[in-house]
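Enquirer: What follows is a predicted protein model with its sequence.
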Amino acid sequence: MDHSSSLLRDIGLGIIFATAASHAARVLRQPLLLGYVFGGILLGTQLGFGLVTDQASIELISEIGLILLLFIIGLEIDLRELARMGRAMFGLGILQFAVCVALGLACLRPLGYGLGGGNFDLLYLSVALALSSTLIVVKLLQDKFETATAAGRLTIGVLVLQDVWAILFMAFQPNLLDPRLGPILRSFAQGAVLVVLAFLASRYLLARLFHAAGRTPELVLLSATAWCFLICGLAERAGLSKEMGALIAGMSISAFPYGTDVVSKLGGLRDFFVTLFFVSLGLKVPKPSLATLGVSAALVAFVLLSRLLSVVLPARALGMGLRTGLVTAVNLSQISEFSLVILNLGAGYGHVSSGLQSTVLTAMLLASIVSTYLIHFNDALARLGLRLAAAIGLKDAPSSAEAPAAPGRARDIVLLGYFREGAALLDLVERELPALRERILVVDFNPAARRGLEERGFKWVYGDLAHPQTLHHLGIEDAQLIVCSVSDTFLKGTTNRRLLGHLKHMAPRARMIMTADDASEAERLLRAGAHKAVVPSALTAAKLIESLRGGTA
């Protein structure tokens, strides 16, 4: 069998086994990530059926998934939002990572991990265990509708700062074997030059390019992906990793209104390749010995304890409340997929021993299973923690706000589509109800409308309604009212009924007003759960008949 046929066969087996294992994970209410890894375990030669023996074929494809994953992580790191986090949240993000790494360096050496002589197991392990899983945490918090709570906002803020710490460590990785000041400064200088060039190009070149391509959503996606691989290539030429280039590429365009749309459209492609990345990790899992399982269990216990020590007391000291700190610590009680990326890069640089990756992977699987149940019962665990704290004389400190408030007033009225009816509605709002302007979020794919709307006090974001994940990334879960002002005749790639189905899951508390082409479609929308269905032609006819009556009276 030639290499191309073998590659196709291995990819197919990886997807089939990952899918089957993921369905089992779904039934057991576990993260799908565990299914991907378990699918790889079943395919491997150590614990599985030995169906895939050439791991390089899967890793070739999984590297693309890793680049896309880091590109999307970069897209979701908005530097302006980081600056608005507030000193308290920023301080907690710094303390959490620093305390966890310090505890790891101090406490994990007895497990047999060293530091020095070209071996950096202890350092890599300490950094890996200081990071929590964004994929698992955000998914579970969204399922519980807790992303907008005080603890939910604090958890997500800490996760964002953890990603920043991971990025900084990745920039430092190539120089660990030669930690002289000169090479380190040269590496950071090269990275800084690439960052500056990327951000300047984004501001003065990509902004115009995306504006010109805004009416063609597919071209926006293609342009963003091309930008990602261009910066990856430049990063590799500059002596940095391709993964670092992907992060820089994402961060450089994260402030654009097109960022959320790119994230949503790349999601399916990314998920395909990332699935293979975790399948390839499963292929590397060796037969677990009692010693390995014991060490992995000890690492999970360390993660739980380190989160309590690094989050709870600092959160209380910073005025966020003891209960909020307890819930946040519970939410962060797992190991990040970013940790596996860092260890994977470290293995390529020759920094870590061969068994460290499999030990951390085993610990990650155990922690993911445990944390799923911990997050599910985080409120009950926090109440138990408060009682234990009160028993030792540690009372909750009063706090005016348990977590930093989100900047600005919430945009709880969402208008989907800025076309004829939508434009007329906003004109009426401006004349009759001007106070509502600061509550309205307009989602549309025509960038030409942005400046005029924002000058009038409305907020405009780029979004393609044919891809509902765009709306998910815009954070409309807490909307009070959602209006789709475009009928099926003018919608591209979707319908009002299909859109309504997605919206009911995204914003279950919102009232939905949809637009229909005729009365029969309006009835179907009402039966599907819309609170109101508007037929523009019927409204126009009603106004015309009024004019006719007035003119003939």
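Expert: Thanks, I have it.

Enquirer: measure Arg387 to Gly463 for me?
Expert: Here the criterion is CB to CB, to the nearest Å. By it, Arg387 lies 46 Å from Gly463. C-betas here are computed from N, CA, C, even on glycine.

Enquirer: which one of the two has more residues nearby?
Expert: Between Arg387 and Gly463, counting by other CB atoms under 10 Å, Gly463 is the more crowded of the two (28 against 9).

Enquirer: my guess is the more buried one contacts Ile476, does it?
Expert: No - under the criterion of CB atoms under 8 Å, Gly463 is not in contact with Ile476, lying 9.9 Å apart.

Enquirer: Next up, phi/psi of the nearest residue to Met364 once chain neighbours are set aside, please.
Expert: Here the nearest residue to Met364 in space, its sequence neighbours aside, is Ile335; by CB to CB, 6 or more residues apart in numbering that works out to 4.2 Å. The main-chain torsion angles of Ile335 are listed as degrees, to the nearest 10 and equal phi -110, psi 140.

Enquirer: what do you get for the one 3 residues further on?
Expert: For Phe338, the backbone dihedrals (degrees, to the nearest 10) come out as phi -60, psi -30.

Enquirer: Is Asp163 in contact with Ile73, as I believe?
Expert: Yes - Asp163 lies in contact with Ile73 (CB under 8 Å); the separation is 5.9 Å.

Enquirer: Now the common contact residues for those two.
Expert: Counting by CB atoms under 8 Å, 6 or more residues apart in numbering, the residues touching both Asp163 and Ile73 are 134, 338.

Enquirer: Comparing those two, which residue is more hemmed in?
Expert: Set side by side, Asp163 and Ile73 show unequal neighbour counts under other CB under 10 Å, the larger going to Ile73 at 24 against 21.

Enquirer: number of nearby residues for Arg431?
Expert: Around Arg431 there are 8 other residues, counting by other CB under 10 Å.

Enquirer: Actually, Asn344.
Expert: If you count neighbours by other CB under 10 Å, Asn344 ends up with 20.

Enquirer: same question, Val138
Expert: Val138 is flanked by 17 other residues according to other CB under 10 Å.

Enquirer: Check the gap between it and Val160 for me.
Expert: Here the distance between Val138 and Val160 works out to 11 Å (CB to CB).

Enquirer: same thing with His531?
Expert: Taking CB to CB as the criterion, His531 is separated from Val160 by 35 Å.

Enquirer: quick one: which of these two has more around it?
Expert: Neighbours per residue, other CB under 10 Å: of His531 and Val160, the larger number sits with Val160, 19 against 13.

Enquirer: Buried ones in the strand or helix carrying that one, by neighbour count?
Expert: Using DSSP states H and E, the secondary-structure element containing Val160 is helix 150-172. Going by neighbour count (16 or more other CB atoms under 10 Å), the buried part of helix 150-172 is 150-167, 169-171.

Enquirer: Kindly calculate the angle that the helix or strand that that helix is followed by makes with helix 150-172.
Expert: Per DSSP H and E, helix 150-172 leads on to helix 181-201 as the next helix or strand towards the C-terminus. Calculated by axes from the mean of the first three to the mean of the last three CA atoms, to 10 degrees, helix 181-201 forms an angle of 120 degrees with helix 150-172.

Enquirer: List the contacts of helix 181-201.
Expert: 171-172, 174-175, 231, 234-235, 238-240, 244-245, 248-249, 251-252.

Enquirer: Please narrow the residues you listed to those residing in helices.
Expert: Counting by DSSP state H, the members of these that fall within helices are 171-172, 231, 234-235, 244-245, 248-249, 251-252.

Enquirer: Check whether the closest residue to Ala449 other than its chain neighbours sits in a helix, strand or coil.
Expert: Take Ala449 and drop its neighbours on the chain: the residue closest to it by CB to CB, 6+ apart is Tyr418, 5.1 Å away. What DSSP: H, G, I helix; E, B strand; the rest coil gives for Tyr418 is coil.

Enquirer: wait, Tyr418 sits on Val442?
Expert: Yes - contact between Tyr418 and Val442 holds when scored by CB under 8 Å: they sit 5.4 Å apart.

Enquirer: shared neighbours of those two, which are they?
Expert: With contacts defined as CB under 8 Å, 6+ apart, the residues shared by Tyr418 and Val442 are 426, 449, 453, 460.

Enquirer: Cross these against strands and list the overlap.
Expert: Secondary structure assignment (DSSP state E) places Trp460 from the shared contacts of Tyr418 and Val442 within strands.

Enquirer: Arrange the shared contacts of Tyr418 and Val442 in JSON lines, one row each, with distance to Ala522 and pLDDT as further columns.
Expert: Formatted as JSON lines, the shared contacts of Tyr418 and Val442 follow (distance: CB to CB, whole Å; pLDDT from 0 to 100):
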{"residue": "Leu426", "distance to Ala522": "22", "pLDDT": "93"}
{"residue": "Ala449", "distance to Ala522": "27", "pLDDT": "81"}
{"residue": "Leu453", "distance to Ala522": "28", "pLDDT": "90"}
{"residue": "Trp460", "distance to Ala522": "28", "pLDDT": "89"}
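
Enquirer: Specify which member of the shared contacts of Tyr418 and Val442 is nearest to Leu548.
Expert: Checking the shared contacts of Tyr418 and Val442 against Leu548 with CB to CB, the nearest one is Leu426 at 28.3 Å.
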